[in-house]
Structures are given as structure tokens and as C-alpha cells.
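J.: Sharing a sequence plus its predicted fold:
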Amino acid sequence: MVNISYRKIECIVKGFANHRRVQIMDLLRRNPELSVDDISERLDIGYENASDHVRKLATSGLVMKRNDGPSVRHKLTTRGELVLMFCKRLQ
């Protein structure tokens, strides 16, 4: 029997269980290396709201962060790309 961590799966699912987070993932797929400020501006949402969504995506391993001087850049992880493809197939 395969050892599956159901709690880890739950964490991943919770990471993308919001329309705005799926939208952010799609934006990062098309435009990697965006800052939270860039994301909030392009999606016309508040900075704190965007920051909270990005933090949840990063915690679940769907987005990675990279320090770039004073700012932090974000892009999808391989897991994030797979989850985004999965979500799009559900449509």
C-alpha cells in the first residue's frame, strides 16, 4: 500500500480552494516573477488581500518566492503548474 499523507493533500487542496488563488496561479503561469504589488495591481485587488492569497499558495507549495533586492518575486512551482492544469480541466 502506498503511504499517502492525507493531511498533506488537504493542505494542497486548501491552498487553491479559492477562485482568486486560482486566478493568481493563472497570472503567474503567464507572467512569472511578479511581486505581490504587481499581482494586486494586475488583478485590481487590495495589496493585503493579494499578499494573504500568495502566502497561502506558498504555504501549500504551489508558489515559490525569490528575494530580488527589496522585493520578493513569485512563480508557480511544478506542483502549482500541475494543479492549475487540473483546475482548468474541471471547467
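T.: Received, thanks.
J.: Spell out, range by range, the strands that occur in the protein.
T.: Here the chain has its strands, by DSSP state E, at 63-68, 71-76.
J.: Measure how the first one sits relative to strand 71-76, angle-wise.
T.: For strand 63-68 against strand 71-76, the angle between stretch directions is 150 degrees (axes from the mean of the first three to the mean of the last three Cα atoms, to 10 degrees).
J.: Listing partners with orientation, what would you give for strand 63-68?
T.: Strand 63-68 sits in its sheet next to strand 71-76 (antiparallel), going by DSSP bridges.
J.: okay, the partner strand in CSV with CA atoms only?
T.: Taking C-alpha atoms only, strand 71-76 is exported to CSV below (Å, rounded to 0.1, in the frame of the first residue of the first chain):
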residue,chain,number,x,y,z
SER,A,71,11.1,43.0,-3.4
VAL,A,72,10.0,39.3,-3.5
ARG,A,73,9.2,37.7,-6.8
HIS,A,74,6.8,34.8,-7.1
LYS,A,75,6.3,32.0,-9.6
LEU,A,76,4.5,28.7,-9.9
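J.: Quick one: neighbours of the residue nearest to residue 28 when sequence neighbours are not counted, just the number.
T.: Distances taken as Cβ to Cβ, 6 or more residues apart in numbering put residue 76 closest to residue 28, at 5.0 Å, once the chain neighbours are dropped. Backbone N, C-alpha and C define where each C-beta goes, glycine included. Using other Cβ atoms under 10 Å, residue 76 has 21 other residues around it.
J.: outside of the helix or strand bottoming out on mean pLDDT in the chain, which residues touch it?
T.: Least confident helix or strand of the chain, by mean pLDDT, DSSP states H and E, is helix 6-16 with a mean of 90. Residues from elsewhere that reach helix 6-16, judged by Cβ atoms under 8 Å, 6 or more residues apart in numbering: 21-22, 25, 56-57, 59-62, 79, 83-84, 87.
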